[in-house]
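Participant: Sequence first, then the predicted structure, then my questions.
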Amino acid sequence: MNQAIPKVGFVSLGCPKASVDSEHILTRLRAEGYLISSTYQDSDLVVVNTCGFIDSAVEESLDAIGEALAENGKVIVTGCLGAKGDVVKQAHPKVLAVTGPHAADEVMDAVHQHLPKPHDPYADLVPPQGVRLTPQHYAYLKISEGCNHRCTFCIIPSLRGDLVSRPVGEVMDEAETLVESGVKELLVISQDTSAYGVDVKYRTGFWGGRPLKTRMTELVAALGKLVGPDGEKVWVRLHYVYPYPHVDEVIPLMAQGNLLPYLDIPFQHANARILKLMKRPASSENVLARINKWREICPELVLRSTFIVGFPGETEEEFEELLDFIEEAQLDRVGAFIYSPVEGAVANELPDPVPPEVQEERLARLMWLQEEISEEKLKRRIGQTLTVLVDEVDDEGAIARSYADAPEIDGQVYINDGQHLNVGDRVKVRITDSDTHDLWGELV
Ligand code: SF4
């Protein structure tokens with residue numbers, strides 16, 4: 001009987017925001033009765049969700065489209081690369097349709113056109129939480145699309161448009177359904193989490209019959225109260241928080257245990273001139289003072305940030321100012337990237353590009369400094385007892401994460417005696433060892 005049911009292959013590239021778009025499309029496909037196939041050969045048609053953020057991502061996306069065309073032949077393209085004019089059509093004229101990001105309706109229209117809907121949608125029921133690409137125990141919760149900033153190195157606003165916040169009641173409903181289905185950690189994402197609600201003037205929405213403001217602090221406070229079927233509060237982790245002043249409001253919620261004391265806040269640089277060229281908020285003294293204040297209120301706060309090195313015109317002194325900031329700020333997790341000119345970004349027009357060998361050397365120096373800081377900070381964890389969430393279990397033990405570690409980008413906690421645990425368990429571990437990024441421990 002399954003032979004009559006049309007099958008769609010799905011390739012999902014890019015960031016967690018693109019993954020959420022993929023999940024929405026997959027959920028719609030399954031809801032309409034399509035089967036999702038894991039091989040090109042077995043699929044009647046393939047959807048490729050692309051990334052167009054930097055040149056290497058463009059290449060990866062174009063390669064993936066080429067592979068899908070060669071292996072299957074019927075390909076629909078969606079995602080950020082799809083928003084970049086004719087790039088896809090020029091490289092691969094045989095694709096059936098191209099849409100931009102966040103375009104589930106258009107993708108479904110294209111699927112219907114080239115692979116008609118199955119007749120019996122009841123054959124494949126969709127779980128109420130939809131189809132997810134993450135494991136059962138954690139999920140990304142996208143609260144808005146687009147961005148009102150115009151950072152000069154970034155083309156996301158031109159790809160995804162200005163900020164559009166999802167209605168607060170809809171976000172809460174989705175979160176509640178996820179938590180009821182066994183999700184123990186919600187990762188709040190967007191292009192700019194702290195701007196949530198700016199576009200609707202922080203309109204008051206409703207959830208569960210009660211008024212709730214479309215605003216980051218109110219939203220995350222409500223999320224932090226959700227309780228899973230095991231009776232435990234869900235972990236709520238905040239990503240991509242632009243350093244607006246009102247970010248200070250969420251720190252007390254962290255200190256009270258309503259949110260994970262973890263903040264992913266991209267500072268990008270510390271030198272005022274470079275920050276101005278980047279069109280980012282420009283005062284590293286203020287940032288350091290704020291960090292100190294946050295730590296006073298919530299001493300266990302873990303900070304993750306990202307930085308760009310070798311931005312056009314960055315002098316050795318300006319780079320050293322960034323190193324001094326890193327030294328002083330003692331951030332827990334740092335991602336650093338060499339500036340790369342993304343097609344269409346305003347920063348490409350800036351004078352004095354930094355030679356690639358100098359960029360490489362600066363990246364190495366920054367990462368070397370941060371590794372020292374990280375190693376030292378993790379050493380201080382030895383002897384502490386941490387609650388961790390188990391991600392993987394095998395014969396050698398379990399791999400888990402504490403509040404200090406976001407999935408995929410941060411470190412891990414290895415539990416040597418965790419062979420009998422299950423994925424999604426929340427357990428207490430005493431830390432016995434550490435290295436530059438990870439911790440080791442035993443069950444308490
Ligand atoms: S805030 Fe983020 S998404 Fe928005 S323009 Fe800046 S880097 Fe791009």
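Facilitator: Received, thanks. Quick caveat, the model's predicted, so the values are computed rather than measured. Residues are numbered from 1 along each chain as shown.

Participant: Where does pLDDT dip in the stretch 51-200 of the chain?
Facilitator: Low-confidence regions of the stretch 51-200 of the chain, defined by pLDDT under 70, span residues 85, 118-132.

Participant: For it, which segments count as helices?
Facilitator: Defined through DSSP state H, counting those that start in this stretch, the helices belonging to the stretch 51-200 of the chain, from first to last, are 55-71, 87-91, 104-114, 156-160, 168-180.

Participant: for the stretch 251-400 of the chain, same thing?
Facilitator: Taking DSSP H, counting those that start in this stretch, the helices of the stretch 251-400 of the chain run over residues 272-278, 284-297, 316-329, 356-379.

Participant: Quick one, which of those gets closest to Glu180.
Facilitator: The stretch from these with the least distance to Glu180 (CB to CB) is helix 284-297; that distance is 32.1 Å. To be clear about C-beta, it is placed using only N, CA and C from the backbone, and glycine gets the same treatment.

Participant: still on that earlier bit, worst mean pLDDT among the helices of the stretch 251-400 of the chain?
Facilitator: Set side by side, those show their lowest mean pLDDT on helix 284-297, which sits at a mean of 90.

Participant: re earlier: would you format the helices of the stretch 251-400 of the chain as TSV with distance to Val107 included?
Facilitator: Supplementary listing: the helices of the stretch 251-400 of the chain in TSV, determined by distance: least, CB to CB, whole Å:
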stretch	distance to Val107
helix 272-278	33
helix 284-297	40
helix 316-329	41
helix 356-379	37
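
Participant: Next one: His137 from the ligand, what distance?
Facilitator: Separation of His137 from the ligand (CB to the nearest ligand atom, to the nearest Å) stands at 28 Å.

Participant: where exactly do the strands run in the stretch 151-300 of the chain?
Facilitator: 164-165, 185-189, 204-207, 210-213, 235-238, 262-264 (DSSP state E, counting those that start in this stretch).

Participant: got JSON lines for these, with mean neighbour count and distance to the ligand too?
Facilitator: As requested, the strands of the stretch 151-300 of the chain are arranged in JSON lines below (neighbours: other CB atoms under 10 Å; distance: least, CB to the nearest ligand atom, whole Å):
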{"stretch": "strand 164-165", "mean neighbour count": "19", "distance to the ligand": "13"}
{"stretch": "strand 185-189", "mean neighbour count": "23", "distance to the ligand": "12"}
{"stretch": "strand 204-207", "mean neighbour count": "17", "distance to the ligand": "24"}
{"stretch": "strand 210-213", "mean neighbour count": "14", "distance to the ligand": "22"}
{"stretch": "strand 235-238", "mean neighbour count": "25", "distance to the ligand": "15"}
{"stretch": "strand 262-264", "mean neighbour count": "24", "distance to the ligand": "12"}
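
Participant: For Phe325, grab the count of nearby residues.
Facilitator: For Phe325, the neighbour count with other CB atoms under 10 Å is 19.

Participant: Spit out the contact partners of the residue lying closest to it once chain neighbours are set aside.
Facilitator: On the basis of CB to CB, 6 or more residues apart in numbering, the spatially nearest residue to Phe325 that is not a chain neighbour turns out to be Ala270, at 3.4 Å. In this structure, Ala270 makes contact with 284, 287, 321-322, 324-326, judged by CB atoms under 8 Å, 6 or more residues apart in numbering.

Participant: go with 10 Å
Facilitator: Taking CB atoms under 10 Å, 6 or more residues apart in numbering as the definition of contact, the neighbours of Ala270 are 282-285, 287-288, 307, 318-326, 328-329.

Participant: Show the average pLDDT along stretch 233-253.
Facilitator: Taken as a whole, stretch 233-253 has a mean pLDDT of 93.
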